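**Student:** All I have is the shape, not the residue letters:
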C-alpha cells in the first residue's frame, strides 16, 4: 500500500504557504490504519519495549495501539498543565516564544525500554524535548517512531536525533 | 482485575474540591491496558462498527486501539481549529462560556456504524455535542464507550444519552 496516497495535503494550513500533511484520511480507512500499525509493530517487536510514549495529541492515536500490540504500557506526553500529578517538564523553542511538555514523574523508571511515537517528524524540536525528559529519568534505551518525516527540513535538532535512527513510513 | 484500583484519584485538580480520576496509572500498566481494551472490544465486537470516534485528547488513546481491534477506521473529534480540511462544528456549554468541537465533513457517511469513545463520562455535555455532529451526517447506528462514568452526576444531558446505553467499565 502506498501510504502517501492515503495522506491528504491541505494547502495553507495552519498558515499561508504551509502544505499540511493530513493523516485523518489514512486513519479513517480501516485497511490503511491496519497496514500502518502493523508496519510499525513489525519494526519494534522483539525490542523488549516496556513503555510507549505518545506525544499529545495526534501521537496518542497510534500510541495506545502500539503499546497494546507490543505488550507495553502507554505514557502520555502532554502540554503544560494537563497532567494532574507531579510532573517533569521541558521547554522547547517555537517560531515565536517557547512551549513546555510534561510527563508524570512516576511514569518511567531507568530500566524501561522506551518507544517515543508521534505522527509527524517536522523540525524535531518537540522530539528533542521529549528525549530530554526521558533521559532525565535515567532511561538509556530509546527508540523513535513516526508515520511521516518531513525530511526536507534539516537542522541541528534533527541531527541530534540521528543517533536514535528515527523510523518513519513516509518521507517528504 | 479491579480497574478502580488502577485509577489514581488526584485531589484538587484541575480546581479545588475536584477529585480528578487519573487514568495514566492504568494506561502505563501493560496488563491493565490490555485488560481494559479487551473488555471494551468484547463488548462491541460483532456489532459491525465501521468507525470509532475518539474525543480529543484522552479519547484518542484507546480510540485508535479500538478501531484497530474492531477492524474499523478511526475519526478524531477535535477542538475548534485543529482539523485542517472542511469541518462540521457543534458548540456546547461549559461552566463559564461555550466551546466547540469538530469533525471533518468527509469523515463519516450515513451508513457508518459509529462507536464514540472517551475516557470519562462526566456531565455528558461533550458527548451530546458529538452525538449531534454524528446525527448531522445522517448516521443512525451509534454506540457509546467510556472507561469511567461519574454516575453521581445526574442531569438532562446524561438522560439524553440513556437511549444509547452508554458502556463503561468503572462507575463512581
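**Tutor:** That came in fine, so what should we check first? Quantities reported herein were computed from a predicted structural model and do not represent experimental measurements. Residues are numbered from 1 along each chain as shown, chains lettered A, B, ... in the order given.
**Student:** Follow the chain on from the helix ranked longest in chain A and name the next helix or strand.
**Tutor:** Among the segments of chain A that qualify as a helix by DSSP state H, the longest is helix A:30-44. Downstream of helix A:30-44, the first helix or strand assigned by DSSP states H and E is strand A:51-55.
**Student:** what about whichever helix or strand comes after that next one, near chain B?
**Tutor:** Using DSSP H and E, the helix or strand that follows strand A:51-55 in sequence is helix A:58-69. Yes: using C-beta under 8 Å from any C-beta of the partner chain, helix A:58-69 reaches chain B at A:58, A:60-65, A:67-69. C-betas here are computed from N, CA, C, even on glycine.
**Student:** Tell me how far residue A:45 lies from residue A:117.
**Tutor:** 14 Å (C-beta to C-beta, to the nearest Å).
**Student:** Between those two, which is the more surrounded one?
**Tutor:** residue A:117 (29 against 12; other C-beta atoms under 10 Å in any protein chain shown).
**Student:** Looking at per-residue confidence, what score does that one get?
**Tutor:** On pLDDT, residue A:117 comes in at 98.
**Student:** What of residue A:31?
**Tutor:** 98.
**Student:** Repeat that for the one 5 residues further on.
**Tutor:** Here, the pLDDT recorded for residue A:36 equals 98.
**Student:** in stretch A:104-121, what counts as buried?
**Tutor:** Neighbour counts over stretch A:104-121 (16 or more other C-beta atoms under 10 Å in any protein chain shown) mark A:104, A:107-108, A:112-121 as buried.
**Student:** In helices, which of the residues you listed fall?
**Tutor:** Short answer: those have none in helices (DSSP H).
**Student:** Those residues also near chain B: which ones?
**Tutor:** Within the buried residues of stretch A:104-121, those near chain B by C-beta under 8 Å from any C-beta are A:104, A:107.
**Student:** Out of the buried residues of stretch A:104-121, which is nearest to residue B:140?
**Tutor:** Using C-beta to C-beta, residue A:119 comes nearest to residue B:140 of the buried residues of stretch A:104-121, at 31.3 Å.
**Student:** gap between that closest one and chain B?
**Tutor:** Shown here: residue A:119 relative to chain B, a distance of 11 Å by C-beta to the nearest C-beta, to the nearest Å.
**Student:** Nearest the geometric middle of chain A, what residue?
**Tutor:** Among the residues of chain A, the one closest to the centroid is residue A:118, at 2.0 Å (C-alpha atoms, centre = their mean).
**Student:** For it, give me its contacts.
**Tutor:** By C-beta atoms under 8 Å, 6 or more residues apart in numbering or on different chains, residue A:118 lies in contact with A:54-55, A:58-59, A:126-127, A:145-146.
**Student:** Counting neighbours, which of those residues comes out on top?
**Tutor:** Neighbour counts for the contacts of residue A:118, by other C-beta under 10 Å, peak at residue A:54, which reaches 31 neighbours.
**Student:** now that one, which residues is it bridged with?
**Tutor:** Beta-bridge pairing for residue A:54 (DSSP bridges): residue A:76, residue A:117.
**Student:** My read is that it contacts residue A:68, right?
**Tutor:** No: using C-beta atoms under 8 Å, residue A:54 is not in contact with residue A:68, being 11.8 Å away.
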